[in-house]
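Engineer: no sequence for this one, just the structure:
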Ligand SMILES: O=CCCCC(=O)O
């Protein structure tokens, strides 16, 4: 499915060493294609081009940069079906979800086409009549976009669109498991007339490729979507070059469902979002704290929903839940499930690999009730279709329990009482909160977390700031004559 090519200088080229790596299907475990493994020469050539092209791309007027991005958005939309099929083949995610994600990736280019025109500066009143203080925002420089496999179109799109809009050049390193959608984005940008050299796409061995790029002096900004441990490691590497960083890391979003909310409506909405992309979503509702007076109804409906899902190959009609990306992820989810049961949780649905799908890394959507706070799944991000449900009676207590992890990405609150909902939302330690709503990611809003979930924002009017640096100028007005 994938094409063993790198994008360097506006051309698709094989790795100079000829090296490739196999890509495997999570549905069958079989090889479905290869990606090129960039050599040291390829990396050096992409870095040089990125550096040399930077002043040229930064000098292109914002309205012209916007035209390229807008055209790329249109081309991505026109090519949705093809991009979605590649995405579904590489990740196993249901085709309908892949189509939705491709649209969301196009939205990023449309959004940032507009934001390119709104890089406003500031003027500051000086202390003296003869001086002018101004602040301009300039592109930070060649940027590195490191993205994950779970949203292989949206994640690179967010980074590439924002960087190009700001006037930065970009080297994108998509995840090896699912690089196809990023290649399609690169092709759309080339077809839209992007300056060759403004974007490179490199694939290869993450152990060697990512460090070589992160540590390269040409790179001035690193944006990562990945796990917390990887984020910490990348930040350590960035410290040496004092590079600007954006970190979109893991989450374990708590959900607080107050006693006034309809438990059936909440369960249906939350289960649909929890099991989206087979639970492999960083902002997935992930730990469920339900008021004890409605918990039984909520859990029963959640389990009924989980059992109604159709697990299988996302390319097949009627399938609602694809595989996990690899067997290791299934094993981790099963270990968390067993640990919760050993500590007193009750298994309401799932808890095993489906017998009719022996080849791929599938897991039945799983629901656990009365999960104690000591269970590992209440602290560790499952990143899998396993939903742990717990109960509460006291609002103060549930807020403390909800905040009791190192994560701070997303959180959710359900209540018809706006005052209670807002007060709860304000006290949850998260960069994003859904109140009676579970879908948070949208191009016009700032996506990002706090605490160990990272910092910086992607999307909204804040997103472009991550690729800009302020320059303050103090100008003393001296003239020979008036
Ligand atoms: O994993 C992070 C991206 C989330 C995108 C979405 O919720 O649609």
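Structural biologist: Okay, I see it. Since the structure is predicted, the reported quantities are computational estimates derived from the model, not experimental observations.
Engineer: list the contacts for residue 445?
Structural biologist: Applying Cβ atoms under 8 Å, 6 or more residues apart in numbering, we find residue 445 in contact with 432, 459-460. C-beta coordinates here come from the backbone N, C-alpha and C atoms, glycine included.
Engineer: same deal with residue 176?
Structural biologist: So residue 176 contacts 21, 23, 35, 149, 203-204, 206 (Cβ under 8 Å, 6+ apart).
Engineer: just residue 79 next, same as before
Structural biologist: Contacts of residue 79 by Cβ under 8 Å, 6+ apart are 102, 184, 188.
Engineer: Could you report the distance from it to residue 261?
Structural biologist: 41 Å (Cβ to Cβ, to the nearest Å).
Engineer: Get me the contact residues on the protein for the ligand.
Structural biologist: 150-151, 154, 281-283, 441 (Cβ under 6 Å from any ligand atom).
Engineer: With neighbour count, secondary structure and pLDDT as extra columns, can I get the residues you listed in TSV?
Structural biologist: Below are the residues of the chain next to the ligand laid out as TSV (neighbours: other Cβ atoms under 10 Å; DSSP: H, G, I helix; E, B strand; the rest coil; pLDDT from 0 to 100):
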residue	neighbour count	secondary structure	pLDDT
150	23	coil	98
151	28	coil	98
154	26	helix	98
281	20	coil	98
282	28	coil	98
283	24	coil	98
441	19	coil	98
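Engineer: Tell me the one of those nearest residue 425?
Structural biologist: Within the residues of the chain next to the ligand, distances to residue 425 taken as Cβ to Cβ reach their minimum at residue 283, with 14.6 Å.
Engineer: Excluding residues flanking it in the chain, which one is nearest that closest one?
Structural biologist: Leaving aside its chain neighbours, residue 283 sits nearest to residue 410 (3.9 Å; criterion: Cβ to Cβ, 6 or more residues apart in numbering).
Engineer: ok so, going back, now neighbour count and pLDDT too, for the contacts of residue 79, in JSON lines please.
Structural biologist: Listed next are the contacts of residue 79 as JSON lines, based on neighbours: other Cβ atoms under 10 Å; pLDDT from 0 to 100:
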{"residue": "102", "neighbour count": "27", "pLDDT": "98"}
{"residue": "184", "neighbour count": "24", "pLDDT": "98"}
{"residue": "188", "neighbour count": "24", "pLDDT": "98"}
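Engineer: Quick one: end-to-end distance for stretch 248-260.
Structural biologist: One end of stretch 248-260 sits 34 Å from the other (Cα to Cα, to the nearest Å).
Engineer: top of the contacts of residue 176 by neighbour count?
Structural biologist: Ranked by the number of neighbours (other Cβ atoms under 10 Å), the contacts of residue 176 place residue 203 first, at 30 neighbours.
Engineer: Now for that residue: which residues touch it?
Structural biologist: 6, 21, 35-38, 173-174, 176, 179, 209.
Engineer: now with 7 Å?
Structural biologist: 6, 35-36, 38, 173-174, 176, 179 (Cβ atoms under 7 Å, 6 or more residues apart in numbering).
Engineer: repeat for residue 432
Structural biologist: 283, 409-410, 440, 447.
Engineer: let's go with 6 Å and repeat that
Structural biologist: Applying Cβ atoms under 6 Å, 6 or more residues apart in numbering to residue 432 gives the contacts 410, 440.
Engineer: Bridge partners for it, pull those for me.
Structural biologist: Going by DSSP bridges, residue 432 is paired in beta bridges with residue 410.
Engineer: Name the residue of the stretch 201-350 of the chain that lies nearest to the ligand.
Structural biologist: residue 282 (3.7 Å; Cβ to the nearest ligand atom).
Engineer: Excluding covalently adjacent residues, which one is nearest to that residue?
Structural biologist: Leaving aside its chain neighbours, residue 282 sits nearest to residue 251 (4.8 Å; criterion: Cβ to Cβ, 6+ apart).
Engineer: centroid residue for this protein?
Structural biologist: residue 155 (4.8 Å; Cα atoms, centre = their mean).
Engineer: which element is that residue on?
Structural biologist: In this structure, residue 155 sits in helix 154-166 according to DSSP states H and E.
Engineer: right, and the helix or strand after that helix?
Structural biologist: Once helix 154-166 ends, the next helix or strand along the chain (criterion: DSSP H and E) is strand 170-173.
Engineer: what does the helix or strand following that following strand rub up against?
Structural biologist: Using DSSP H and E, the helix or strand that follows strand 170-173 in sequence is helix 180-191. The contact list for helix 180-191 (Cβ under 6 Å, 6+ apart) reads 1-2, 7, 72, 75-76, 83, 86-87, 90, 152-153, 156-157, 172, 174, 199, 201.
Engineer: do that again at 7 Å, thanks
Structural biologist: Helix 180-191 has contacts (Cβ under 7 Å, 6+ apart) with 1-3, 7, 10, 72, 75-76, 79, 83, 86-87, 90, 105, 152-153, 156-157, 160, 172, 174, 199, 201.
Engineer: now swap in stretch 104-114 and tell me
Structural biologist: 66, 69-70, 72-73, 76-77, 153-154, 157-158, 161-162, 165, 185, 441, 443-444, 464.
Engineer: Narrow those to those that are buried.
Structural biologist: Among the contacts of stretch 104-114, those scoring as buried are 66, 69-70, 72-73, 76-77, 153-154, 157-158, 161-162, 165, 185, 441, 443, 464 (criterion: 16 or more other Cβ atoms under 10 Å).
Engineer: Show me what the helix or strand where residue 83 lies is packed against.
Structural biologist: Per DSSP H and E: residue 83 is located in helix 80-91. Where contact means 3 or more Cβ pairs under 7 Å, 6 or more residues apart in numbering; DSSP states H and E, helix 80-91 is packed against helix 95-115, helix 180-191.
Engineer: could you point out which element follows the first one?
Structural biologist: Moving toward the C-terminus from helix 95-115, the next helix or strand (DSSP H and E) is strand 122-124.
Engineer: Quickly run through the sheet partners of that following strand, with directions.
Structural biologist: Assessed with DSSP bridges, strand 122-124 is paired to strand 131-139 (antiparallel).
Engineer: Would you map the helices across the stretch 201-350 of the chain?
Structural biologist: Shown for the stretch 201-350 of the chain, the helices assigned by DSSP state H, counting those that start in this stretch span residues 206-214, 228-241, 263-274, 295-308, 327-342.
Engineer: Can you tell me which of these is most buried?
Structural biologist: helix 263-274 (a mean of 21; mean count of other Cβ atoms under 10 Å).
Engineer: Show me what that one is packed up against.
Structural biologist: strand 285-291, helix 295-308.
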